[in-house]
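[1] Build me a structure from this.
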Amino acid sequence: MANNELRIPLQTPTTGSSNFLKACFNGTNAFLGIGLMTVPYALSSGGWLSLILFFLIAIMTFCTGILLKQCMEVDPSIRSYLDIAERAFRKKGRIIVMIIMNSELYLVAIGLLILEGDNLHKLFPQFMIKLGELTVDGRQSFVLITALIIFPSMLLTDLSLLSYVSATGVFSCLIILISVFCVGLFNGVGFHERGTLLNVKSLPTAVSLYIVCFAGHPVIPSIYTSMRNTYQFSKVLLFSFILTAFTYLAMAMVGYLMYGDNVESQITLSLPTNKVFSKVAIYTTLLIPITRYALMVTPVATAIEGGLSENYKNQRSVRLMIRVGLLISTVIVAYVFPYYESLMAIVGSIFVVSASFLLPCLCYLKISSDLRCGWNCEQMGIVGIFVFGILAGVLGTYSSIYDLVT
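    The predicted structure follows:
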């Protein structure tokens, strides 16, 4: 790709208004999420030594975030992850990234329904729905109830209010972490479990779940363009990654020391339900799917609408049908596939690996190909990250499918 072609603007650049602290908050909010629920289980799957891989993944994903920043510096007209892919690999690259991002969002939306159903069942284990001869047990019935609660938010065209509510994700995660710690400290659980040093058999699953913890790369370009002083972006990204990594690390260690190899796939499912701090953690967790589901599914619906003809894409009835159809389809999958940890492992090993490891490396190497001569240590490091992503993706996918089958 010629240098002058790199300068063709995709759209007119605009100046952001976010200061350093707001950008740090947005960056941390992008990475702190439902991975917090599964990270103790990930540590129990891999053992204490798997934390070495956790830190390695954190370092590599930070580096790929910097690669995305450098791609945007090559062409100031780049505004999004899709623009980066299009600049590197033209229209095909944009389509591939759009499919990967929307598939990840769709699966995460399914995970939110499973998360809600599991935690409600934890609080009300005897609950079930009976309709004549038909009986729906606790978890599945709560998935259906959650869908009914979420349904009104799917009818909204302006999700700005939900955006503000969802932005409290950082505080929600900190509340859950502190509550879980207090359960161990004050409610008689303690931190006495020794755990396992290394579990090689389940290590790919642990790696996949660790990778889910750093799944915010599609948002990185938006944070970059929102900043008033983009030269501070590297510091923003570093701060976000350090805070995110140590929050996940604290939850992993606290949960593993409390329950050891018996920890559930979601840490809240291991907590006693008759303790105040447990209820705070569980009820805070229950807010996450309610506030985030519509925000996860809306980009998928928008992408589907974009493929329709002009006669249909702007009709409100068609837009509502698409959103309701997505809600129904995710409910069906969550109803028949209630395996949260396996779903998150698949998301990590396929989609997060692609968006956070493979694509940043490929896009950077392609975009910068005319601006460098030969190979150097940077390019070799990028290839190393790419190879690690391939191995993690293949082994993690195989391990997740094998666990489901067996």
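[2] how many other residues sit next to Leu286?
    Leu286 has 17 neighbours, counted by other Cβ atoms under 10 Å. Quick note: C-beta positions are derived from backbone N, CA and C, even for glycine.
[3] check which helix or strand covers it.
    helix 276-306 (DSSP states H and E).
[4] quick one: average pLDDT of that helix?
    Regarding helix 276-306, the rounded mean pLDDT is 87.
[5] got the contact list for whichever helix or strand comes after it?
    Of the helices and strands lying after helix 276-306 in sequence (DSSP H and E), the nearest is helix 310-313. The contact list for helix 310-313 (Cβ atoms under 8 Å, 6 or more residues apart in numbering) reads 305-306, 318-319.
[6] Quick one: list the elements packing against the helix holding Leu286.
    Using 3 or more Cβ pairs under 8 Å, 6 or more residues apart in numbering; DSSP states H and E, the elements in contact with helix 276-306 are helix 81-123, helix 138-154, helix 160-166, helix 169-186, helix 316-336.
[7] highest average neighbour count across these?
    Greatest average neighbour count among the helices and strands packed on helix 276-306 goes to helix 81-123 (a mean of 21), per mean count of other Cβ atoms under 10 Å.
[8] for it, packing partners?
    Using 3+ Cβ pairs under 8 Å, 6+ apart, helix 81-123 sits against helix 51-74, helix 138-154, helix 220-226, helix 276-306, helix 316-336, helix 340-346, helix 359-367.
[9] For the contacts of helix 310-313, give me CSV that also has distance to Glu193.
    Converted to CSV, the contacts of helix 310-313 look like this (distance: Cβ to Cβ, whole Å):
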residue, distance to Glu193
Glu305, 50
Gly306, 50
Val318, 54
Arg319, 50
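[10] how close does the residue nearest the centre of the chain sit to Met296?
    The residue lying closest to the centre of the chain (Cα atoms, centre = their mean) is Ala215, at 4.4 Å. Using Cβ to Cβ, to the nearest Å, one obtains 12 Å as the distance from Ala215 to Met296.
[11] for Ser226, same thing?
    20 Å.
[12] Can I get stretch 249-266 as CSV, trimmed to CA atoms?
    Provided in CSV are the C-alpha atoms of stretch 249-266 (Å, rounded to 0.1, in the frame of the first residue of the first chain):
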residue,chain,number,x,y,z
LEU,A,249,-5.5,-10.8,40.1
ALA,A,250,-7.0,-9.9,43.5
MET,A,251,-10.3,-11.6,42.7
ALA,A,252,-8.6,-14.7,41.4
MET,A,253,-6.4,-15.1,44.5
VAL,A,254,-9.2,-14.3,47.0
GLY,A,255,-11.6,-16.7,45.4
TYR,A,256,-9.0,-19.5,45.0
LEU,A,257,-7.8,-19.1,48.6
MET,A,258,-11.4,-19.2,49.8
TYR,A,259,-12.6,-22.3,47.9
GLY,A,260,-9.6,-23.9,46.2
ASP,A,261,-10.3,-26.4,43.4
ASN,A,262,-14.0,-26.5,44.5
VAL,A,263,-14.7,-22.9,43.3
GLU,A,264,-17.6,-22.7,40.9
SER,A,265,-17.4,-21.3,37.4
GLN,A,266,-18.8,-18.1,38.7
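[13] What helix or strand is the nearest residue to Glu341 once chain neighbours are set aside located in?
    Closest residue in space to Glu341, ignoring its immediate chain neighbours: Ser265 at 3.6 Å, by Cβ to Cβ, 6 or more residues apart in numbering. Applying DSSP H and E as the criterion places Ser265 outside every helix and strand.
[14] going forward can the numbers begin at 58, since that is how I track them
    Okay, residue one is now 58; in that scheme the one you just asked about reads as Ser322.
[15] Could you report the neighbour count for Ser322?
    For Ser322, using other Cβ under 10 Å, the count is 23.
[16] For Phe82, which three-state class applies?
    Of the three states, Phe82 takes helix according to DSSP: H, G, I helix; E, B strand; the rest coil.
[17] Fine by me, we can end here.
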